[in-house]
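A.B. asks: my questions concern the predicted model and sequence given below.
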Number of protein chains: 2
Amino acid sequence: CPTDPRLSTVSQGRSINLAMSRRARAALALVGLEGELLRHGIPMRARMIHGPAGDTREIPYDQRTGQCIYSVGRKFLNDVLLSAAEKNPHVRLHFGHKMTGGDLDEGRIEFERADGGAGTVQAVGDLVVGCDGAYSGVRRLFMKKPMFNFSQTYIEHGYMELRIPPTDDGEFAMPPNFLHIWPRGEFMMIALPNQDRSWTVTLFMPFAQFEAVTTDRELLTFFGKHFADAVPLLGEEALVRDFFRSKPQPLVSIKCGPYHAGRTLLLGDAAHAMVPFFGQGMNAGFEDVRLLAGLLDALGGAGGDLPAVLRRFSEHRNPDAEAICDLAMYNYIEMRDLVNRPTFLLRKKLDNALYALLPDVWVPLYNAVTFSDMRYSECVRNRMWQDQVIRGFFLTLLVFGLILILTVFLRS
Amino acid sequence: CPTDPRLSTVSQGRSINLAMSRRARAALALVGLEGELLRHGIPMRARMIHGPAGDTREIPYDQRTGQCIYSVGRKFLNDVLLSAAEKNPHVRLHFGHKMTGGDLDEGRIEFERADGGAGTVQAVGDLVVGCDGAYSGVRRLFMKKPMFNFSQTYIEHGYMELRIPPTDDGEFAMPPNFLHIWPRGEFMMIALPNQDRSWTVTLFMPFAQFEAVTTDRELLTFFGKHFADAVPLLGEEALVRDFFRSKPQPLVSIKCGPYHAGRTLLLGDAAHAMVPFFGQGMNAGFEDVRLLAGLLDALGGAGGDLPAVLRRFSEHRNPDAEAICDLAMYNYIEMRDLVNRPTFLLRKKLDNALYALLPDVWVPLYNAVTFSDMRYSECVRNRMWQDQVIRGFFLTLLVFGLILILTVFLRS
């Protein structure tokens, strides 16, 4: 970081809200911070789907047990984590250093100071953990190693953040305990509640479609047609100002592996950046930490086998990280399009009924990902198995139906 | 290149043989070089499959019209192309320059001279074409651009080249007009004929399996078990020497896009490096050139629209390049494993029968890729359509069979 992020007032260029669910909570609980974040997060119990005519309907996240996901401000989370880390006497925080190079095998990283002083600064560690995000500088050193698999995929859609302020009497302008979605097929808008009773609104749309909107009139016509109920809440003037002041930002999905090289390990977005449509980016990052802590407890420690810990981490985590990257990509189609289709809602109903009946056996995909500790790769296998059961059931019905018809026909 | 490759005697660290087929021939024909390469290439009419007991059987590449693929030495190809280019008064060749940076939008590339002289050398072009291979330096500049998709995937298998010399009376030690394959499930060995009547033998195997062979005894036991008929041809002494003198080399598959940025374009392995199992790496590269030449003729030329040419090239070529990368990956499983299975041979027979019957309609995948100009992506769609027809046919048979049985049963 150029400076201590606690000193800045906004998290520039990055999404303001994070959706905290089971996996982040489990990791935060390990360091005694779950309670504090839960108290400040805003629970979202269901999706609220906004139709083009302003009609709304709710789709609960967890009909069976009523669990929710929590809207948490990125800045608040940063502040809480940094202040807690600072209290630990073994932790020293350094800001204002830009990574410029290093050696993964020696666990050495080189920095330049943002203020230009002191030339190159070097830091050497028994273990270096690169948590430096989707455009990781540490990962750039991995790229020079043989046998490092890597992919970066940009989607054709970009995002832009807008804002719905609190009402004049200081209240939420929409029902607060929901993640609001305006699914429109090829594009969509969502809104997450903030603690100051404003909403962070995010428009996801193909870049070409962003570029096609060039005048105030075109913008208001477009919003009037697709997001009519949101326009008075956003405010026409603010909408026009914010839209033309900002540029749509790209969305990238990054997979790589192995996550370790020498004394160095990649965690979080540096290891697996995903599109934001499953709300699992932060959750997956925190789950990395929990897995690493568990492996260090089991295999590491004083005189422990650190190379084995790192190797095991890579092997175990890679299929799960790639699974959630894929699920996040798939969920974009679900959120902006499928959610509008009768077959999707029928499947959701069927899933929920079976889940209520057989809670240990039939856990729907969204619930397994969001409200359980099931490995992400296992969530995918689970869903494939469920799909097969459902297909098999209907196929069997069909065959029996045909035989019945044929029997009746031939007997008559 | 560090020096003119015509001055060196070997192509170090790279596969010595290339399999030339339709697509490379079509591009070479455009510059009048097809004949020269055909005269020096060694035609391979069929695969020769070597069983573990030394038994062999042939699987022709093109039963219907007898077309073949040609084994061509990499060095010979380089020499022919460079010497032809040199004769063109518009072409100037520079060797001994190492690329160090550049600017894609300005079409400027920076070099250092291998002899350390002259500081940085700059070259500016209206169009810069980066054909600098799988580990392309030009592509490294693309990585800094937003919205550039990229993936590099290493497979778990490495390769090592061995050699079968000519016999004492100067003849080929095996029937020459074949690509010899020893498919062994998890690994395989192949051999391609050289003009000097030697064979280039390539062993493909998981790295872990290479590492497990540590002594002369283990090596000879392994070869005795799996490649018994090849051991006397390789020579025990030479086999042991070559195996332990070299290290298995990695195999990488690289996809990216778009291929253009500013005034710069990526072609060949720089744009799409593939594993070598379909023998299409060089063919795809030369087809790139043919496509580019066609687009330049149609849209480019004096006062032409170069940006449109580059955009069109990226759009048109990307799905085809990714398709052949995928096919090459798939073909590895086919070559080392499926080729041994009865279902594979049955399908091959069925494909060949239908191809003979309906040559314009039913072109088998291998033939479409190797002996036609059909777009690679179209070859894949073609195969999927054929798969559906075959599945549909057997499903229909099954249903009619069931109805027949049921009818007979109920009527009786």
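C.D. replies: Great, that's in hand. Numbers count the residues shown, from 1 in each chain, chains lettered A, B, ... in the order given.

A.B. asks: from here on, just use CA atoms for contacts and neighbour counts.
C.D. replies: Noted.

A.B. asks: partners of the residue in chain A that chain B sits nearest to in the sheet?
C.D. replies: Closest contact between chain A and chain B, by CA to the nearest CA, is at residue A:151 (3.8 Å). Beta bridges link residue A:151 to residue A:255, residue B:151, judged by DSSP bridges.

A.B. asks: my read: it touches residue A:256, true?
C.D. replies: Yes: here residue A:151 reaches residue A:256: they are 6.3 Å apart, a contact under CA atoms under 8 Å.

A.B. asks: mind listing what residue A:167 touches?
C.D. replies: Contacts here follow CA atoms under 8 Å, 6 or more residues apart in numbering or on different chains; on that basis residue A:167 touches residue A:173.

A.B. asks: which parts of chain A are helices?
C.D. replies: Applying DSSP state H to chain A gives helices spanning A:22-30, A:34-40, A:74-87, A:137-142, A:207-212, A:216-226, A:231-234, A:236-245, A:281-299, A:306-336, A:342-357, A:365-371, A:376-411.

A.B. asks: could those go into CSV alongside mean neighbour count and mean pLDDT?
C.D. replies: CSV is the format used below for the helices of chain A (neighbours: other CA atoms under 10 Å in any protein chain shown; pLDDT from 0 to 100):
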stretch, mean neighbour count, mean pLDDT
helix A:22-30, 19, 97
helix A:34-40, 15, 94
helix A:74-87, 14, 93
helix A:137-142, 20, 96
helix A:207-212, 13, 96
helix A:216-226, 15, 97
helix A:231-234, 17, 97
helix A:236-245, 15, 96
helix A:281-299, 19, 95
helix A:306-336, 19, 94
helix A:342-357, 14, 90
helix A:365-371, 21, 96
helix A:376-411, 14, 90
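
A.B. asks: would JSON lines of those with distance to residue B:365 be doable?
C.D. replies: Listed next are these as JSON lines, based on distance: least, CA to CA, whole Å:
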{"stretch": "helix A:22-30", "distance to residue B:365": "46"}
{"stretch": "helix A:34-40", "distance to residue B:365": "56"}
{"stretch": "helix A:74-87", "distance to residue B:365": "52"}
{"stretch": "helix A:137-142", "distance to residue B:365": "38"}
{"stretch": "helix A:207-212", "distance to residue B:365": "36"}
{"stretch": "helix A:216-226", "distance to residue B:365": "46"}
{"stretch": "helix A:231-234", "distance to residue B:365": "54"}
{"stretch": "helix A:236-245", "distance to residue B:365": "50"}
{"stretch": "helix A:281-299", "distance to residue B:365": "41"}
{"stretch": "helix A:306-336", "distance to residue B:365": "29"}
{"stretch": "helix A:342-357", "distance to residue B:365": "36"}
{"stretch": "helix A:365-371", "distance to residue B:365": "37"}
{"stretch": "helix A:376-411", "distance to residue B:365": "29"}
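
A.B. asks: nearest to residue A:64, of those?
C.D. replies: Residue A:64 lies closest, by CA to CA, to one member of these: helix A:342-357, at 6.1 Å.

A.B. asks: centre of the chain to the closest one, how far?
C.D. replies: Helix A:342-357 sits 24 Å away from the centroid of its parent chain (CA atoms, centre = their mean, to the nearest Å).
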